[in-house]
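Undergrad: Sharing a model that was predicted from the sequence below.
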Amino acid sequence: MAFFKRKASTNPSTLVNVEDVYVATTTITSSHNDGTDCGPRCVTWYFLVKLENNEYHELFAGKKIEKEEDTHKDDMVVASFDTPYIEKIEPLTEYLRDKSEKKMNIQLLFDFITNMNVLNSLGAFEDDEDDEQIENWNVKKCTDIFTDIRAFLL
């Protein structure tokens, strides 16, 4: 019995051109006080973005996300709490097993980025970027999960 199962929509309006979508790794400085007196907490969060007029906009809401370089003004860092700043941009095609995929349902993309954020919160992604073997394993793990979700939904 599936309480939350939805029928997959094949409307052309829900299909997104994969080559236009990027995965943005962002840092958010939280204003939440967790009671540890350690100061603000920095959170890594992933967004799907599109490049429009040389600016990155979040895929689902269309909100502009600033690059980290944009926060450096007059040798000072100007950043706001609870605002994501892009640290790294990668094409979505880097995360796909089937590189020939041209269009994808927006619901699958939403599920993919949600899983990326959940895995990150659970510690699946290491902060040590020097260890490429771990990084490659994590990307493969995410694409396997993405493939499993897609097979389940279709």
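TA: Received the coordinates, thanks. Numbers count the residues shown, from 1 in each chain.

Undergrad: which residues of this protein fall in helices?
TA: Counting by DSSP state H, the chain has helices at residues 106-121, 132-153.

Undergrad: among these, where is the model least confident on average?
TA: Mean pLDDT is lowest for helix 132-153 out of these, coming in at a mean of 53.

Undergrad: I'd like to know how many residues surround residue 88.
TA: 15 (other CB atoms under 10 Å). (Each C-beta comes from the backbone N, C-alpha and C, glycine too.)

Undergrad: and the closest residue to it other than its chain neighbours, what does it touch?
TA: Leaving aside its chain neighbours, residue 88 sits nearest to residue 25 (4.2 Å; criterion: CB to CB, 6 or more residues apart in numbering). For residue 25, the contact set (CB atoms under 8 Å, 6 or more residues apart in numbering) comprises 44, 46, 86, 87, 88, 89, 90.

Undergrad: Just send the residues you listed back as JSON lines, with pLDDT and distance to residue 36 too.
TA: Converted to JSON lines, those look like this (pLDDT from 0 to 100; distance: CB to CB, whole Å):
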{"residue": "44", "pLDDT": "90", "distance to residue 36": "19"}
{"residue": "46", "pLDDT": "94", "distance to residue 36": "25"}
{"residue": "86", "pLDDT": "90", "distance to residue 36": "27"}
{"residue": "87", "pLDDT": "90", "distance to residue 36": "24"}
{"residue": "88", "pLDDT": "93", "distance to residue 36": "28"}
{"residue": "89", "pLDDT": "94", "distance to residue 36": "32"}
{"residue": "90", "pLDDT": "95", "distance to residue 36": "32"}
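
Undergrad: Alright, calling it a day.
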